[in-house]
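A.B. asks: Sequence and computational prediction follow.
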2 protein chains.
Amino acid sequence: MKMLTVNEVAKLSGVSVRALHHYDDIGLLKPASIGRNRYRYYGQDELLRLQQILLHRELDIPLSEIGAILDAPKFDRLETLHKQRDRLAKEAKRYARLVRTIDRTIASLNGDDAMKNAELYKGFSAEKQAGYEKWLIDTYGGDMDKHVEISRKAYAALSAAEKARLQDELQEVETAWAEAMKNGVSADSKALDPLLARHRAWVAVMWDRPCPPEAYAGLADLHLGHPDFVKRYETIAPGFSDFHAASMKAYAKRLAG
Amino acid sequence: MKMLTVNEVAKLSGVSVRALHHYDDIGLLKPASIGRNRYRYYGQDELLRLQQILLHRELDIPLSEIGAILDAPKFDRLETLHKQRDRLAKEAKRYARLVRTIDRTIASLNGDDAMKNAELYKGFSAEKQAGYEKWLIDTYGGDMDKHVEISRKAYAALSAAEKARLQDELQEVETAWAEAMKNGVSADSKALDPLLARHRAWVAVMWDRPCPPEAYAGLADLHLGHPDFVKRYETIAPGFSDFHAASMKAYAKRLAG
DNA sequence: GATAGTCCCTCACGCCGCGTGAGGGTCAAC
DNA sequence: GTTGACCCTCACGCGGCGTGAGGGACTATC
């Protein structure tokens, strides 16, 4: 049976030699055997246990608990896993919330608050409503007033949890979208389709009516033409307002074609 | 001017007295004045600075850096804020990824692996194929064999990466979906529309053909009738199988209406 | 003005998960 | 037998406090 020294284990697993010493000290991972020269030797079982340790360490579980978990019977582990999942989900949300807080702070430094954002998207900010309706009527003709009224009522009727959910959804989409841009994805790439589908669905919910491709493309132009939108997107990432509009239009074209 | 003692500041801010001592020691937050009795006295300015400190501490910024940030000119802070935002966004993603990993682990412990999921959802698991086809034929009449064959081939043609991506997508949707339920969003809420749109799109990909509203609603019933599905959803969260089906049906109704 | 109770202070050690030496043995290869 | 790469065992340090210990200071009540 091949035995491994600390250095070899370290290189295999990516953990430091000192960490192995430490795990030995605290009894988390004992070597399979110790030579008369006091060298630590690890076997296959120890490597497997180490994998488990590292996996749990990734989850920010204290080493003492990891030991307890690994030494516990298997059916307990599933429960532990569920608990960890919830804890991590909370952490993930906490961070997401912090990101939003920062975003709002940045936005408010730019003289832009959350309420205004919701209104922006709905297109019903008191000051802008006139201009927006004009645009809608110019574009689609007909009686938009009814739509506007319906939409406003529908949004007001949502519960706080639902509004929060929608807010989260938009945040998520925009973040991933800007991320894609930063990663060099081109605006007309099909890789953006899932994101754009989500965005379009989101817009449809805000409008409380379907968002046909032409309307979606029109929305892109609308954004470009409104300094408020441009500012909002540039705050997310420089260059994002153009990218945002370009990808919306490309997507609308794909939908129509 | 009202001066506050450590205890008062502690109660106001939620920080411990010891922490205030510590902040004094490291020079992060010095009291406005110190009495002859060596008591620390804090004023309004210190409270404001403390707020800032706590805000940054929430972001897991080391105290030494917080000091540097707060003592830096304001225009530098915006940049710092942007950097922190990116860092936190990465953390949030890391946690989200971990949650997904755990979800997959839990799922696989339940004997619920990717392949099986795909089969389940496609409704072509060998044992169930007969019953499912019967249902499809009853409902839509006509020649389903062709569809079945096409779908199976299409899925087989996907690369491993694409399959993994689909798996992740489903995982993401289901997690957010269950989350919404836990937060008290009602099954027929429009706030779920973006999620349901994603889900329906996902189903369409699995089927390799569009998923009309009636078929989507039918799928909900199919799920309720199949213990495998029910078990799968109940594993995600108790009560989720019903919520899942109910929201699918409500969504389908909205689509049709 | 004594007493009690609640505040305040200053040390100083402890926790976790190692990093980073110092000081000294051990191994394989030439 | 020498070199160089490993191995070992201490032992201190970091960050952000928690948690006493031991002792003054303030306030209210008798």
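C.D. replies: Structure received.

A.B. asks: all helices of chain A, in order?
C.D. replies: Listed in chain order, the helices of chain A (DSSP state H) span residues A:6-13, A:17-25, A:44-58, A:63-71, A:74-109, A:114-122, A:126-140, A:144-157, A:160-182, A:193-207, A:213-225, A:227-236, A:240-256.

A.B. asks: looking at those helices, which is closest to DNA strand D?
C.D. replies: helix A:6-13 (3.0 Å; Cβ to the nearest atom of the strand). C-beta here means a position set from N, CA and C on the backbone, and glycine is covered the same way.

A.B. asks: which other residues reach the closest one?
C.D. replies: Contacts made with helix A:6-13 from outside it, assessed by Cβ atoms under 8 Å, 6 or more residues apart in numbering or on different chains, are listed as A:4, A:15-17, A:19-21, A:40, A:42, A:46-47, A:50-51, A:54.

A.B. asks: Format the helices of chain A as JSON lines; extra columns: mean pLDDT, mean neighbour count and distance to DNA strand C.
C.D. replies: Converted to JSON lines, the helices of chain A look like this (pLDDT from 0 to 100; neighbours: other Cβ atoms under 10 Å in any protein chain shown; distance: least, Cβ to the nearest atom of the strand, whole Å):
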{"stretch": "helix A:6-13", "mean pLDDT": "94", "mean neighbour count": "15", "distance to DNA strand C": "9"}
{"stretch": "helix A:17-25", "mean pLDDT": "97", "mean neighbour count": "15", "distance to DNA strand C": "3"}
{"stretch": "helix A:44-58", "mean pLDDT": "91", "mean neighbour count": "15", "distance to DNA strand C": "6"}
{"stretch": "helix A:63-71", "mean pLDDT": "93", "mean neighbour count": "15", "distance to DNA strand C": "3"}
{"stretch": "helix A:74-109", "mean pLDDT": "77", "mean neighbour count": "16", "distance to DNA strand C": "14"}
{"stretch": "helix A:114-122", "mean pLDDT": "43", "mean neighbour count": "17", "distance to DNA strand C": "37"}
{"stretch": "helix A:126-140", "mean pLDDT": "43", "mean neighbour count": "14", "distance to DNA strand C": "49"}
{"stretch": "helix A:144-157", "mean pLDDT": "57", "mean neighbour count": "14", "distance to DNA strand C": "46"}
{"stretch": "helix A:160-182", "mean pLDDT": "79", "mean neighbour count": "18", "distance to DNA strand C": "29"}
{"stretch": "helix A:193-207", "mean pLDDT": "83", "mean neighbour count": "20", "distance to DNA strand C": "36"}
{"stretch": "helix A:213-225", "mean pLDDT": "81", "mean neighbour count": "18", "distance to DNA strand C": "47"}
{"stretch": "helix A:227-236", "mean pLDDT": "80", "mean neighbour count": "18", "distance to DNA strand C": "35"}
{"stretch": "helix A:240-256", "mean pLDDT": "91", "mean neighbour count": "19", "distance to DNA strand C": "38"}
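
A.B. asks: B:Ala32 is nearest to which of the ones you listed?
C.D. replies: helix A:74-109 (26.5 Å; Cβ to Cβ).

A.B. asks: related to what we said a few turns ago, distance to B:Leu28 for the helices of chain A - can I get that in TSV?
C.D. replies: Below are these laid out as TSV (distance: least, Cβ to Cβ, whole Å):
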stretch	distance to B:Leu28
helix A:6-13	37
helix A:17-25	31
helix A:44-58	30
helix A:63-71	30
helix A:74-109	21
helix A:114-122	30
helix A:126-140	43
helix A:144-157	44
helix A:160-182	32
helix A:193-207	42
helix A:213-225	43
helix A:227-236	30
helix A:240-256	36
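
A.B. asks: What residues does chain A have near chain B?
C.D. replies: Residues of chain A lying close to chain B by Cβ under 8 Å from any Cβ of the partner chain are A:58-59, A:78, A:81-82, A:84-85, A:88-89, A:91-92, A:95-96, A:98-99, A:102-103, A:105-106, A:109, A:154, A:158-159, A:161-166, A:169, A:175, A:179, A:194, A:197-198, A:201-202, A:204-205, A:208.

A.B. asks: Let's see that with 7 Å instead.
C.D. replies: A:58-59, A:78, A:81-82, A:84-85, A:88-89, A:91-92, A:95-96, A:98-99, A:102-103, A:105-106, A:109, A:158, A:161-162, A:165-166, A:169, A:175, A:197-198, A:201-202, A:204-205 (Cβ under 7 Å from any Cβ of the partner chain).

A.B. asks: Alright, that wraps it up for me.
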